[in-house]
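Asks: Whatever this is, show me its structure:
(chains A, B, C and D, ligands or ions: 6)
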Amino acid sequence: MLGKAQIIAHDFVGDPLYKIRRLVLRTEIAREAQPGQFVHVQVTKGIDPLLRRPISIADIQREAQEITLLYRIKGRGTEILSEAKVGEELSLMGPLGRGFTLPTQGELILVAGGIGVFPLLPLAKAAQEKSLAVSLYWGGENEGFFTSSGLELWQEAGIPVFLSTMDGSIGEKGNVLDLIQKQVESRVNHGKDAVAGACSDDLSVAVCGPQVMTQVVSDYFLLKGASVEVSLEERMGCAVGACLGCVCTLRDEVSGRIYRGKVCKDGPVFKGKEVLWDYEQ
Amino acid sequence: MLGKAQIIAHDFVGDPLYKIRRLVLRTEIAREAQPGQFVHVQVTKGIDPLLRRPISIADIQREAQEITLLYRIKGRGTEILSEAKVGEELSLMGPLGRGFTLPTQGELILVAGGIGVFPLLPLAKAAQEKSLAVSLYWGGENEGFFTSSGLELWQEAGIPVFLSTMDGSIGEKGNVLDLIQKQVESRVNHGKDAVAGACSDDLSVAVCGPQVMTQVVSDYFLLKGASVEVSLEERMGCAVGACLGCVCTLRDEVSGRIYRGKVCKDGPVFKGKEVLWDYEQ
Amino acid sequence: MNSNSVENIDMRVNLGPLTLKNPVLTCSGTYGFGDEYAPYCPVEKLGGITLKGLTPEPRLGNPLPRLAETPAGMLNSVGLENPGLEEFLQSYLPKVRELPTTVIANISGFSLRDYEIMANAFQAGSGIDAIEVNISCPNVKHGGMHFGTHPESAQEVIALVKAKTNLPVIAKLSPNVTNIVQMAKAVEQGGADIISMINTLLGMSIDIERRQPILANKVGGLSGPAIRPVAVRMVWQVTQAVNIPIIGMGGILTWQDAVEFMLAGAKAVSIGTGNFVNPLAPLEVLEGIEEYCRRHGFASVSDIVGLAH
Amino acid sequence: MNSNSVENIDMRVNLGPLTLKNPVLTCSGTYGFGDEYAPYCPVEKLGGITLKGLTPEPRLGNPLPRLAETPAGMLNSVGLENPGLEEFLQSYLPKVRELPTTVIANISGFSLRDYEIMANAFQAGSGIDAIEVNISCPNVKHGGMHFGTHPESAQEVIALVKAKTNLPVIAKLSPNVTNIVQMAKAVEQGGADIISMINTLLGMSIDIERRQPILANKVGGLSGPAIRPVAVRMVWQVTQAVNIPIIGMGGILTWQDAVEFMLAGAKAVSIGTGNFVNPLAPLEVLEGIEEYCRRHGFASVSDIVGLAH
Ligand SMILES: Cc1cc2nc3c(=O)[nH]c(=O)nc-3n(C[C@H](O)[C@H](O)[C@H](O)COP(=O)(O)OP(=O)(O)OC[C@H]3O[C@@H](n4cnc5c(N)ncnc54)[C@H](O)[C@@H]3O)c2cc1C
Ligand SMILES: Cc1cc2nc3c(=O)[nH]c(=O)nc-3n(C[C@H](O)[C@H](O)[C@H](O)COP(=O)(O)OP(=O)(O)OC[C@H]3O[C@@H](n4cnc5c(N)ncnc54)[C@H](O)[C@@H]3O)c2cc1C
Ligand SMILES: Cc1cc2nc3c(=O)[nH]c(=O)nc-3n(C[C@H](O)[C@H](O)[C@H](O)COP(=O)(O)O)c2cc1C
Ligand SMILES: Cc1cc2nc3c(=O)[nH]c(=O)nc-3n(C[C@H](O)[C@H](O)[C@H](O)COP(=O)(O)O)c2cc1C
Ligand code: FES
Ligand code: FES
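Replies: Ligands and ions are numbered 1, 2, ... in the order given. Just a heads-up that it's a prediction; the model follows:
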């Protein structure tokens, strides 16, 4: 779909200090959107900045024909986007890309670094609808960040959330992998479940965040035999697979062949075990 | 002066069909501005469009520290300018250039083609304050145009206005020179005044409009011995005389030397008798 | 001719041996293999599309990041990533054949032999309607740049391709030269049927916080509206110097931009970066050109070509 | 060096024989004769200014219109309008002398003799601190372009100017060449003390309603943010190839843009078109560079030169 979407709401999620804004749009995209997909947003009618900006779909209200985007004001493009007013229209392409696979059974663990959490909520909700056990492990800077990045939405949805901060000011002290390891240990100690030993096919993991974090978390769970999906990020031109600006490097599971995947079209979600993280860089 | 000016009012002068807008700005420029000078307005904070736009000062309220600009939405720049809202600020340079000479005595005839009328009102008001006889000869497309271009402001100021339209739908039928000639004749027939025969130094004329019209009107009055000033228009870069983008060609009255004048700095107002209209073009 | 408006504008254009149903194409490297934009823009309405640049061997292209945004433009350093000739013929061509429009293959190489292989592969009836020879890709250190900036080499490559294929041959010129007219004459001499211009300008952008070029490849090709004045100037100059038709490109986003190229002398236009901004740009450009002709009383779109001279 | 912030940044830069109090200059042709922008920007704070290009004889320049706006840029075809050497020395130099900053004269010519005359006129003590040799003005058909695109001629002109003046000589390069490094090496060979780059790219813009080029001269020089990626790339390339300092220019509007040039290898920067957009740009650029150094713990502005390599 390519077309105009009307702005229904547009505000800061929490403390404006964290520059995270919520943008609710009325658009047919809501009909087809799947968890993990994104839209390509034109932030200005002019040519400065020239390119559209990719933003994940952070919530889908199919009946209301609305999608929610959560975004952080980062540079000029998102700065200009942040000035768009309720009632105005934005040009949108979407839904784009291949999203997450919804597991058919077992447990789903979501792992997010910083604002990587945004595309995970629709997945969590879909998993809940299917009565899967779902929980979120989320690393961030401090409490203010979490509350300004939609923590409440997770709580409202009733999803167990485990937080970590580097300074320990809230949640576990350390990065999100530390948090996960600790959690796994504690589950082991309490003899509770799948994450414990070598996991079965019953554990699915979805990761989104900075590349380094995504990689270590993916590797950690892959070692445990879980089925891991990662959501990648790259600068985008076309967002439809036509320009090859956004590729990542993959190794075909079966043939072992090394090839490029288009983050915009083949992803942004890929199988963790197929991604070659540091290829040629 | 270079700085921000707050928008006090911004609306269509008359029928939006004619796309003429009134922009009232609070700015120190009001303190120094002289009739015929202009400001260089930045229509956007970004780089698209890149250059500022020159707009004449159409009214000066010194006590209120306000200036009024009247402009026609022509291309992208003025289109974007037209979206600026009351309360917002615009970056302004000014007052720029050399304006009209206020005659010390006698009669002042103002001649305008289309929106060339905009810089003439401050001159008319200044002339009135000095109790000079002042009148306006104004050519335009039709009644709607005149009422949408500030005709009322002239009527309020009590200045005699003579109109012409090509189709004769209002005022004299024909162009503004036809109007002037007719008027002159009628004055002659009624044996009334200066415009009649060879005029004395007592007649000053200020002309602003499309180049062809400005030229013929200037030549007409020069032949009659009047003191003629014309306001010119050129595309501008710097508007301060630094880039030589906006020159016109002049012949020095005394030495006969041909030279370039900068419309932005030496003008926009020049002596009619010094302008070489079709030089090198 | 300027007096009254025309009902049906003849939008067909003849580019020597290649006839297009209308003058609007899409640029190589910005339109994938023709189906990526299908959900957004009806390709069957376009004059044609140009495929991503192909080389004999598969290429993974340059490391990431490959894109950087610049004022009114962008840099890319894709580095000719492509599946290679064999894989293209096997897996892509069957779908490409089905595209309901004229299809131009874009070929690149690092040696004359490469170009020869590519030219041999595409002949009339192969599902490809013309070959665009990219002698101008600035991203590859050995080869591309060389052919594109030396008139003798350019002529040689074109002559070779021309000898090996019976398809119309389009020579694509690089703007990164002192004398574009000389290059154009060289490819005309080499037997090119058509010239397409311009490819990207070589540029760089630096991340001042990381203190490194944004592109992993450091330099990349500048495209988008920023380069339009350079492209229009070159089309203008080349039109005066050669007798073969020109496809104009470089920064076209709107129909006004396209008309600018046609008035400068281009018989057809091609849209690249503009697709990223507005996937409907090709269609809107097409409709805009037609409406321009109608409004100004031109019965055929070819009537406006070169009118600004 | 990146650890803690520094109180007083040493902003002086040494460009071979020319020392500037700071690295921010203004470009020839955009800053008149130094006093036009005085009410808007305190020139005494700047590293220096470059005067409008001068020729031996007075020139009326090209017909109007001379300016056209383009995406994130502009075209100009001023055509070297200037009062000529004699009138400059008589009526302008006395005021120029009083300017409380470094003043660079920009000279152009249509023959070697022209450059010789100009070089002779400016010597140490004449009120001018350096000579910038414009071998790259794209607007003049005979001369300017020729010297700027042929390495041998460029070398010859620079060697001549260098022989005739005892002032520091700055060679200003045109970007309209296939091989900028070759040009840079040529002027270094010719004895240039400094290189300034880039001049404008040759471009054109067409009025589609009038169906004529906007500029009366048809083609003009493209400047402004649009060309910055090309300029940064060229500075980057030339830095690696020559041993003389570079003044970087082309599309600088903000301090970030200026830092980009310095990281690419420019020891100083110059602001041209940016002045038209924001007359305070030079001052803001200066303050921004200083603040950047402070924030990143660089004690001297020269420390950041070439850091992106
Ligand atoms: C599939 C995908 C989904 C995303 N989802 C979200 C989201 O839900 N919320 C959110 O806040 N951000 C998201 N991002 C990142 C977001 O696209 C960038 O933050 C944004 O493009 C920055 O634009 P800017 O003009 O503010 O920054 P600038 O740095 O000024 O942008 C300059 C250029 O770099 C590109 N760019 C800069 N940062 C990134 C980045 N991290 N990823 C991709 N391109 C970048 C821009 O698109 C632009 O072309 C997502 C990115 C991708 C690829
Ligand atoms: C001294 C002076 C005073 C002026 N006063 C007024 C006024 O009071 N009211 C008013 O409506 N207009 C006035 N104009 C004309 C006004 O500047 C242009 O209409 C305006 O710049 C058009 O900008 P645009 O982006 O809408 O048009 P575009 O055509 O998109 O502009 C493209 C470029 O051409 C330049 N340009 C286009 N038309 C003109 C023009 N007629 N004169 C100068 N530059 C032009 C623009 O500044 C811009 O750089 C004045 C011009 C000058 C030189
Ligand atoms: C991402 C990208 C990839 C490109 N790849 C190719 C290519 O493979 N072969 C080629 O000849 N030109 C390639 N080009 C150049 C374009 O075809 C076109 O000549 C150029 O971008 C100018 O047009 P534009 O400004 O409309 O994009 C590429 C351009 C872009 C932006
Ligand atoms: C209006 C104008 C006039 C110029 N005149 C000259 C000149 O006389 N001599 C010269 O060497 N460069 C001249 N230039 C080129 C500038 O000095 C500068 O190299 C170029 O504009 C790139 O910088 P910018 O993008 O910051 O403007 C001129 C540029 C402009 C815009
Ligand atoms: S952004 Fe163009 S292929 Fe992904
Ligand atoms: S606009 Fe620069 S000299 Fe007049």
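
Asks: residues touching A:Leu123, list them.
Replies: Neighbour list for A:Leu123: A:Pro35, A:Gly36, A:Gly99, A:Phe100, A:Leu102, A:Leu108, A:Leu110, A:Ala206 [criterion: CB atoms under 8 Å, 6 or more residues apart in numbering or on different chains]. C-beta: built from backbone N, CA, C; applies to glycine.

Asks: Of these - the most surrounded one?
Replies: A:Ala206 (30 neighbours; other CB atoms under 10 Å in any protein chain shown).

Asks: any idea which element it lies in?
Replies: strand A:203-208 (DSSP states H and E).

Asks: Report the spatially closest residue to the residue in the stretch 101-250 of chain A positioned nearest to ligand 3, excluding sequence-adjacent ones.
Replies: Residue nearest to ligand 3 within the stretch 101-250 of chain A (CB to the nearest ligand atom): A:Cys243, separated by 4.1 Å. Closest residue to A:Cys243 apart from its sequence neighbours, by CB to CB, 6 or more residues apart in numbering or on different chains: A:Gly237 at 4.0 Å.

Asks: pLDDT below threshold where in the stretch 51-200 of chain C?
Replies: C:137-146 (pLDDT under 70).

Asks: Likewise for the stretch 151-281 of chain A?
Replies: A:187-201, A:280-281.

Asks: which residues does the closest residue to ligand 6 within the stretch 51-200 of chain C contact?
Replies: Relative to ligand 6, the nearest point of the stretch 51-200 of chain C is C:Pro71 (21.6 Å; CB to the nearest ligand atom). Contacts of C:Pro71 were listed using CB under 8 Å, 6+ apart, and they are A:Asp48, B:Ile47, C:Ala226, D:Ala72, D:Gly73, D:Gly224, D:Pro225, D:Ala226, D:Arg228, D:Gly251.

Asks: returning to that earlier point: contacting residues around whichever helix or strand comes after the strand holding A:Ala206?
Replies: With elements assigned by DSSP H and E, the helix or strand that comes after strand A:203-208 is helix A:211-223. Outside helix A:211-223, the residues that touch it by CB under 8 Å, 6+ apart are A:109, A:111, A:113, A:116, A:139, A:175-177, A:180-181, A:199, A:203, A:205, A:207-209, A:228, A:230-233, A:272-273, A:275, A:277.

Asks: which residues does residue 182 contact?
Replies: Assuming you mean chain A. Each residue near A:Lys182 by CB under 8 Å, 6+ apart is listed here: A:Glu172, A:Gly174.

Asks: not quite, I wanted chain C
Replies: C:Pro151.

Asks: The one 10 residues further on now?
Replies: Under the criterion of CB under 8 Å, 6+ apart, the neighbours of C:Ala192 are C:Val133, C:Ile158, C:Lys162, C:Val169, C:Ile170, C:Ala171, C:Ile244.

Asks: what about the fourth one, how many neighbours?
Replies: So the one you mean is C:Val169. 28.

Asks: Name the residue closest to the centre of chain A, please.
Replies: Against the mean C-alpha coordinate of chain A, by CA atoms, centre = their mean, the closest residue is A:Pro119 at 3.1 Å.

Asks: contacting residues for that residue?
Replies: A:Pro119 neighbours (CB under 8 Å, 6+ apart): A:Pro35, A:Gly36, A:Phe38, A:Ser56, A:Ile57, A:Ala58, A:Gly99, A:Phe100, A:Cys208, A:Ser231, A:Pro268.
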